[in-house]
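Peer 1: task: produce atomic coordinates for the following.
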Amino acid sequence: MKEVNSVAGPVIAVAFVTYLTASLFLGLFETGVMAMLTCLCFDLDMNKGTAMYGPPTFHSKMDEVEEKN
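Peer 2: As a prediction, this is how the structure comes out:
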């Protein structure tokens with residue numbers, strides 16, 4: 001078995017795998033957030049501005065964000 005003389009190769013390999021993993025995770029997270037916000041928008045549009053469906057905690061957090069803006 002050969003010894004590793006330079007750490008550049010393993011560091012680049014680990015950096016690439018880390019970047020790939022983070023990109024996949026954040027892509028899934030973005031899709032989930034967009035789906036929740038899309039559902040909220042449809043809920044508000046279909047019920048004349050009143051959110052009727054979904055967990056109350058989600059609606060309360062959205063109300064807090066709306067108050068800050």
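Peer 1: mind giving me the packing neighbours of the longest helix seen in the chain?
Peer 2: Ordering each helix of the chain by length in residues (DSSP state H) puts helix 8-46 first. Using 3 or more Cβ pairs under 8 Å, 6 or more residues apart in numbering; DSSP states H and E as the contact test, the elements touching helix 8-46 are helix 56-68. For every residue, glycine as well, the C-beta is placed using N, CA and C.
Peer 1: just the angle between the helix it packs on and helix 8-46, please?
Peer 2: Counting by axes from the mean of the first three to the mean of the last three Cα atoms, to 10 degrees, helix 56-68 lies at 90 degrees to helix 8-46.
Peer 1: quick revisit: what is the mean pLDDT for the longest helix of the chain?
Peer 2: Mean pLDDT, helix 8-46: 94.
Peer 1: buried ones in that helix?
Peer 2: Leu40, Asp43 (16 or more other Cβ atoms under 10 Å).
Peer 1: roughly how far does the spatially most central residue of the chain sit from Ser23?
Peer 2: By Cα atoms, centre = their mean, the mean C-alpha position of the chain lies nearest to Phe29, the distance being 2.5 Å. Distance, Phe29 to Ser23, by Cβ to Cβ, to the nearest Å: 11 Å.
Peer 1: just Val4 next, same as before
Peer 2: 27 Å.
Peer 1: same deal with Thr57?
Peer 2: 29 Å.
Peer 1: just Asp43 next, same as before
Peer 2: In terms of Cβ to Cβ, Asp43 sits 31 Å off from Ser23.
Peer 1: could you check how many residues crowd around Met62?
Peer 2: Using other Cβ atoms under 10 Å, Met62 has 16 neighbouring residues.
Peer 1: show me what contacts the residue nearest to the centre of the chain?
Peer 2: Residues near Phe29 by Cβ atoms under 8 Å, 6 or more residues apart in numbering: none.
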